[in-house]
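Undergrad: Sharing a model prediction with you, sequence too.
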Amino acid sequence: MLDGELRKELAVLSAKLMALTAQTAPKSKGEDDVEIAVIEGEDKDRIVEKMLEMAESREKNFVRDAESVKKADAILLIGVYGSKPLGLGCGACGFESCKEFENSERIDGKDFTGPNCAFKLIDLGIAIGSAAKLASILGADTRVMYRIGTAARKLGLAKSDVVMGIPVSVTAKNPFFDR
């Protein structure tokens, strides 16, 4: 059994290595609009408290996820700034052209800001997938949670338009499943 300090160090190191692989993950047209941060200590506790606060006016799953995040030693935040289209005019954002998308009003919704270029959201998914894959290789316990991301945004710990959080722990049993 790992002692508590070594376990925590390994969880934080895993989150940092996951940040590295998220940063170097392929991006559309090679344009990097991905935001990455490793959160621990007091800032992690602030996210938990914000999630619990949000549960008062939202769904109960904020409490469930906050209780899971309490067991994490670190959180990896991965977000994307989705307001800059690639110029393909694909229409996946809901607009006829990238110019129409660029001229549209940005709306700060309940959890995230939009509209977003679909390719930027794909970049976010690739970065998250790369981080999750490395966590699996390292043997670190993780789970992707959107509620962490929205709480982090509300606290100003992340500024990108759409943010997801990945709690990281190194334990004998993954504390983020069987919730």
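TA: Ah, there it is.
Undergrad: now the helices for this protein?
TA: Counting by DSSP state H, the chain has helices at residues 4-24, 41-55, 61-70, 98-103, 118-138, 146-155.
Undergrad: Next, the buried residues of the shortest one.
TA: Pointing back at helix 98-103 there. Within helix 98-103, the residues that qualify as buried are Cys98, Phe101, counting by 16 or more other CB atoms under 10 Å. (C-beta placed from N, C-alpha, C; glycine too.)
Undergrad: Show me the contact partners of that helix.
TA: Identification of contacts with helix 98-103 by CB atoms under 8 Å, 6 or more residues apart in numbering yields Ser83, Lys84, Pro85, Leu86, Gly87, Leu88, Gly89, Cys93, Phe95, Pro115, Cys117.
Undergrad: Adding neighbour count and distance to Pro167, write those out as TSV.
TA: Compiled in TSV, the contacts of helix 98-103 are given as follows (neighbours: other CB atoms under 10 Å; distance: CB to CB, whole Å):
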residue	neighbour count	distance to Pro167
Ser83	18	28
Lys84	15	29
Pro85	23	32
Leu86	15	31
Gly87	14	36
Leu88	14	35
Gly89	15	38
Cys93	22	30
Phe95	18	35
Pro115	19	29
Cys117	28	28
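Undergrad: Go through the residues you listed and flag which are in strands.
TA: Within those, no residue falls in strands by DSSP state E.
Undergrad: could those residues be laid out in a markdown table, adding distance to Gln23 and pLDDT?
TA: As requested, the contacts of helix 98-103 are exported to a markdown table (distance: CB to CB, whole Å; pLDDT from 0 to 100):
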| residue | distance to Gln23 | pLDDT |
| --- | --- | --- |
| Ser83 | 20 | 96 |
| Lys84 | 18 | 95 |
| Pro85 | 22 | 95 |
| Leu86 | 20 | 93 |
| Gly87 | 24 | 94 |
| Leu88 | 24 | 94 |
| Gly89 | 29 | 95 |
| Cys93 | 25 | 95 |
| Phe95 | 29 | 96 |
| Pro115 | 25 | 97 |
| Cys117 | 20 | 98 |
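Undergrad: Run through this structure and note the low-pLDDT ranges.
TA: Applying pLDDT under 70 to the chain flags residues 179.
Undergrad: who are the neighbours in contact with Asp73?
TA: Arg7, Lys8, Ala11, Val12, Glu40, Val168, Ser169, Val170.
Undergrad: My read is that Ala135 contacts Ile166, right?
TA: Yes - the pair Ala135 / Ile166 is scored as a contact, 7.4 Å apart, by CB atoms under 8 Å.
Undergrad: More neighbours: which of those two?
TA: For Ala135 versus Ile166, neighbours defined as other CB atoms under 10 Å are more numerous around Ile166 (26 against 22).
Undergrad: Perfect, I'm done here.
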